[in-house]
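*Asks:* no sequence for this one, just the structure:
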């Protein structure tokens, strides 16, 4: 499940990814697991960005945009909680 979501996020809109976070930026899904009390999935991911000036304006809303689009294509039918971190790719 992690690999499918990661591939979709990175391949759906590569031009938007470049515009929002810089050329060569990408997402890595660290873990997806089920939260029993909230009855939803928790997605833990890291954004590796190359341009901090672009990223400061679009983080974390841009991350939510990419995950929401990819999640709708997978269609698991459940909501998710997103835990994201930011790392600079040099």
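*Replies:* Happy to help now that I have it. It should be emphasised that the depicted structure is a prediction, and the values quoted were computed from it without experimental measurement.
*Asks:* list the buried residues in the least confident helix or strand in the chain by mean pLDDT.
*Replies:* Using mean pLDDT, DSSP states H and E, the weakest-scoring helix or strand in the chain turns out to be helix 52-58, at a mean of 87. Across helix 52-58, burial judged by 16 or more other CB atoms under 10 Å covers 54-55. C-beta: built from backbone N, CA, C; applies to glycine.
*Asks:* just checking, what packs against that helix?
*Replies:* helix 14-21 (3 or more CB pairs under 8 Å, 6 or more residues apart in numbering; DSSP states H and E).
*Asks:* which parts of the chain are helices?
*Replies:* 2-12, 14-21, 52-58, 61-74 (DSSP state H).
*Asks:* buried stuff in the longest one?
*Replies:* Residues of helix 61-74 classed as buried: 62-63, 66-67, 70-71 (neighbour count, 16+ other CB under 10 Å).
*Asks:* rewinding a little: starting at the chain centroid, how far to the least confident helix or strand of the chain?
*Replies:* The chain centroid and the centroid of helix 52-58 are separated by 15 Å, computed with CA atoms, centre = their mean, to the nearest Å.
*Asks:* which residues outside that helix are in contact with it?
*Replies:* By CB atoms under 8 Å, 6 or more residues apart in numbering, the residues outside helix 52-58 that reach it are 19-22, 25, 47, 49, 62, 86, 88.
*Asks:* closest to residue 3 among those residues?
*Replies:* Among the contacts of helix 52-58, residue 47 lies closest to residue 3 (CB to CB), at 17.0 Å.
*Asks:* so where's this protein uncertain?
*Replies:* Along the chain, no part satisfies pLDDT under 70.
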